[in-house]
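Novice: give me a model of this one.
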Amino acid sequence: MDMIQQRPVGLVISFLVGLALGLVYAWSIAPVEWTFDNAQSLANAVCSIAADPGTAPADRAIYENMVRAYNGQGCGFDATGVPPAADQGGGSSSLVLFLFLIVLIVAAVVVWRRRSALAGEVPDTPRYAEVPEAGPMVGGSEGMATVPIARFRTTYVLGHDTYDDSFSIENSNGDFLGECGVSIAESLGTEAPKNVTAFEVWLFDKNDIRTITKVIMSDHAFFDDALKAKLAPKGEPVLARESETIVLETATLIINAEVTELIYGTGTLPPQSFFERFTIELSAWSKEGDFEELDLQARADELMNY
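Specialist: I've put the predicted structure just below:
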């Protein structure tokens with residue numbers, strides 16, 4: 001049963017090939033010799049069925065066509081009830097050929113329907129009992145703790161023109177590790193309140209002389225070449241998108257900054273050019289391991305002498 005369900009087309013083709021070979025054998029190698037009386041009796045029997053009041057119109061038409069293939073006229077009974085004589089040399093062959101054509105048509109319909117059904121099926125997709133949870137986005141660094149040492153949330157609302165939030169990063173012992181924060185990077189126009197079009201998100205590491213900064217830009221600012229070039233010195237440009245996570249990494253710290261809320265303001269300025277509300281969550285990780293205390297003055301002197 002499984003084989004029949006899985007390979008119906010092949011079975012139909014095999015059937016048709018076998019039937020064709022059988023017909024070749026019956027017609028050419030060992031043909032059946034029909035007598036007029038036998039063929040005529042068969043035609044009379046078919047016409048009798050067709051003439052029965054209980055025969056459905058559709059079936060009657062099929063019987064009529066079968067007899068017509070034999071005698072060229074169909075069930076045209078004369079006064080004696082005998083069908084008209086037909087060409088005895090080709091009547092039986094025509095009848096068999098007609099039946100063979102019917103079989104081919106039926107088989108073609110079956111194959112067509114099966115292929116249509118297969119075309120509409122969607123392949124099974126793998127399903128998993130458990131979906132592995134994604135780990136923290138830590139920029140591919142090794143030696144990271146699985147739980148952040150600190151989390152911060154900050155929200156900007158239109159009208160907060162002095163927006164500038166910063167947070168101290170400390171370990172479980174209360175030791176100072178660095179700072180991170182978010183502030184206004186750029187606004188459009190000179191009117192108040194400010195139409196903020198970009199924010200700076202930054203990370204300071206006490207063990208790294210650098211302060212890493214990225215600029216989160218509105219859709220309008222990100223695709224404005226002049227504005228983008230103006231903000232380039234402040235940090236790497238990033239297009240503001242809700243649920244986007246931005247990674248900042250220093251020598252011993254990593255910050256995942258996730259945009260959790262983003263609402264653009266409306267007015268006379270271009271669409272999606274300034275923020276009405278903007279919320280970002282900062283998760284801080286400390287890279288595990290022993291790090292030497294950085295001599296900032298020595299690093300500064302080294303850079304100045306380079």
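
Novice: show me the shaky parts of the protein.
Specialist: Applying pLDDT under 70 to the chain flags the ranges 1-14, 16-17, 19-21, 23-40, 76-103, 106-146, 288-306.

Novice: which residue ranges of the chain form strands?
Specialist: Counting by DSSP state E, one finds strands in the chain at the ranges 150-157, 164-170, 176-188, 195-205, 211-217, 236-239, 245-249, 253-264, 275-286.

Novice: ok, which of those comes nearest residue 70?
Specialist: Between residue 70 and those, the tightest spacing by Cβ to Cβ is seen for strand 236-239, at 79.9 Å. From N, CA and C alone the C-beta is placed, and that goes for glycine too.

Novice: partner strands of the closest one, parallel or antiparallel?
Specialist: Strand 236-239 has the following sheet partners, assigned by DSSP bridges: strand 211-217 (parallel).

Novice: give me the domain ranges for the protein.
Specialist: The record's domain parsing of the chain by automatic domain parsing lists 2-119, 150-288.

Novice: that older thread, would you list the strands of the chain in a markdown table and tack on mean neighbour count?
Specialist: Formatted as a markdown table, the strands of the chain follow (neighbours: other Cβ atoms under 10 Å):
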| stretch | mean neighbour count |
| --- | --- |
| strand 150-157 | 17 |
| strand 164-170 | 16 |
| strand 176-188 | 19 |
| strand 195-205 | 23 |
| strand 211-217 | 21 |
| strand 236-239 | 15 |
| strand 245-249 | 18 |
| strand 253-264 | 20 |
| strand 275-286 | 21 |
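
Novice: out of those strands, nearest to residue 65?
Specialist: Of those, nearest to residue 65 by Cβ to Cβ is strand 236-239, at 71.8 Å.

Novice: contacts for stretch 216-225, please.
Specialist: 185-186, 197-201, 227-228, 231, 237-240, 246, 259, 264, 269-275, 280 (Cβ atoms under 8 Å, 6 or more residues apart in numbering).

Novice: and the end-to-end length of it?
Specialist: Stretch 216-225 has an end-to-end distance of 15 Å (criterion: Cα to Cα, to the nearest Å).

Novice: now that stretch: buried residues?
Specialist: Neighbour counts using 16 or more other Cβ atoms under 10 Å place 216-222, 224 of stretch 216-225 among the buried residues.

Novice: count of neighbours near residue 58?
Specialist: Per other Cβ atoms under 10 Å, the neighbour tally for residue 58 reads 7.

Novice: check the gap between it and residue 70 for me.
Specialist: Distance, residue 58 to residue 70, by Cβ to Cβ, to the nearest Å: 20 Å.

Novice: same question for residue 271.
Specialist: Distance, residue 271 to residue 70, using Cβ to Cβ: 80 Å.

Novice: quick one: which of those two has more around it?
Specialist: Neighbours around residue 271 and residue 70, counted as other Cβ under 10 Å, are more numerous at residue 70. The numbers are 26 against 12.
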